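K.L.:
no sequence for this one, just the structure:
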């Protein structure tokens, strides 16, 4: 279904960012809804197919921060005093800290110091094949230096990433929950952000956003799911709750530290320069 097309009942439902919502009178059947979100920077198409809500990127990308600080590394250099001299100890201390992290400023500072220390101890990959083989598989995101915030209506329950070398794809995946309408309780959903990658160096990748896909998970009791009337607001809040580089990771990405079950990613370029992600491999 292309943007501007109608569903099987000929009843388009449009959500326009910053503008009143316009709807034609039609039945809100679970298997025959379509949503269109438009903004000045991008256009994303929502098509309801059974239990799936697809977001297909059709514009020029997510808007970028054009502030004068955009090229600066958000993790500031710090003294190496009291930092571990070997990667095993530094990684162990970092994982222990992340396991008890409560977004305290002192904790965040220590996390960033340990990240930089590990990067300084990294042995750069000699070939793209080595990096790609090490990246392959499913990962869990433990930390992003660019954190999101929601009002509390949206709950991000888990964030992960799949790297598929055979398809040259990286898929960011989030499990999240949002309130249903008519007091029916919370609705569970997943968000997949699919990107194509190409190597531009032994440890540097260029990511290109392909599409977003939201899947509404069926209720355990089998009851019909009633979506909120303003899904535009739900998706907007979801974007605020996710790290910026998760929702739109387009650009350059360095594998700044990697082991078989642990890695650090560092974003380059103008939009999210210097942002770090810390991953562990899923069991």
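P.N.:
Everything's here; your move. Source: prediction; values computed, not measured.

K.L.:
shaky segments in the stretch 51-200 of the chain?
P.N.:
Residue ranges of the stretch 51-200 of the chain with pLDDT under 70: 51-81, 150-151.

K.L.:
rerun at 90
P.N.:
Across the stretch 51-200 of the chain, the ranges flagged by pLDDT under 90 are 51-85, 100-105, 124, 146-154, 179-186.

K.L.:
all strands of it, in order?
P.N.:
52-57, 137-144, 155-164, 169-179, 186-201 (DSSP state E, counting those that start in this stretch).

K.L.:
so how far is the fourth one from its chain's centroid?
P.N.:
When C-alpha coordinates are averaged (C-alpha atoms, centre = their mean, to the nearest Å), strand 169-179 and its chain have centres 7 Å apart.

K.L.:
So which other helices or strands are in contact with it?
P.N.:
Packing partners of strand 169-179 (3 or more C-beta pairs under 8 Å, 6 or more residues apart in numbering; DSSP states H and E): strand 155-164, strand 186-201, strand 204-216, helix 231-241, helix 244-247. (Each C-beta comes from the backbone N, C-alpha and C, glycine too.)

K.L.:
now it and strand 155-164, what's the angle there?
P.N.:
Here strand 169-179 runs at an angle of 170 degrees relative to strand 155-164 (axes from the mean of the first three to the mean of the last three C-alpha atoms, to 10 degrees).

K.L.:
Give me the distance between residue 209 and residue 258.
P.N.:
According to C-beta to C-beta, to the nearest Å, residue 209 stands 23 Å off from residue 258.

K.L.:
go on, residue 153?
P.N.:
Taking C-beta to C-beta, one finds residue 153 at 36 Å from residue 258.

K.L.:
Surely residue 269 touches residue 249?
P.N.:
No - the pair residue 269 / residue 249 is not scored as a contact, 10.6 Å apart, by C-beta atoms under 8 Å.

K.L.:
okay, the two: which has more neighbours?
P.N.:
Each of residue 269 and residue 249 has its neighbours counted (other C-beta atoms under 10 Å); residue 249 has more, 25 against 16.

K.L.:
May I see the domains of this structure written out as residue ranges?
P.N.:
1-61, 72-231+241-281 (automatic domain parsing).

K.L.:
any residues touching stretch 196-205, and which ones?
P.N.:
Outside of stretch 196-205, the residues within contact range by C-beta atoms under 8 Å, 6 or more residues apart in numbering are 124-128, 130-132, 168-170, 206-208, 210, 252-256, 268.

K.L.:
Would you work out how far apart the start and end of that stretch are?
P.N.:
Length of stretch 196-205, first residue to last, C-alpha to C-alpha, to the nearest Å: 10 Å.

K.L.:
and the spatially closest residue to residue 172 that is not a sequence neighbour, how many neighbours?
P.N.:
Spatial nearest neighbour of residue 172, excluding adjacent residues (C-beta to C-beta, 6 or more residues apart in numbering): residue 193 at 4.1 Å. For residue 193, the neighbour count with other C-beta under 10 Å is 23.

K.L.:
Look up how far residue 207 lies from residue 193.
P.N.:
10 Å.

K.L.:
Give the full set of residues in contact with residue 249.
P.N.:
By C-beta under 8 Å, 6+ apart, the contact list for residue 249 reads 170, 172, 193, 195, 207, 209, 267.

K.L.:
follow-up on the earlier one: tell me which of the contacts of stretch 196-205 fall in helices.
P.N.:
Counting by DSSP state H, the contacts of stretch 196-205 place 128, 130-132 in helices.
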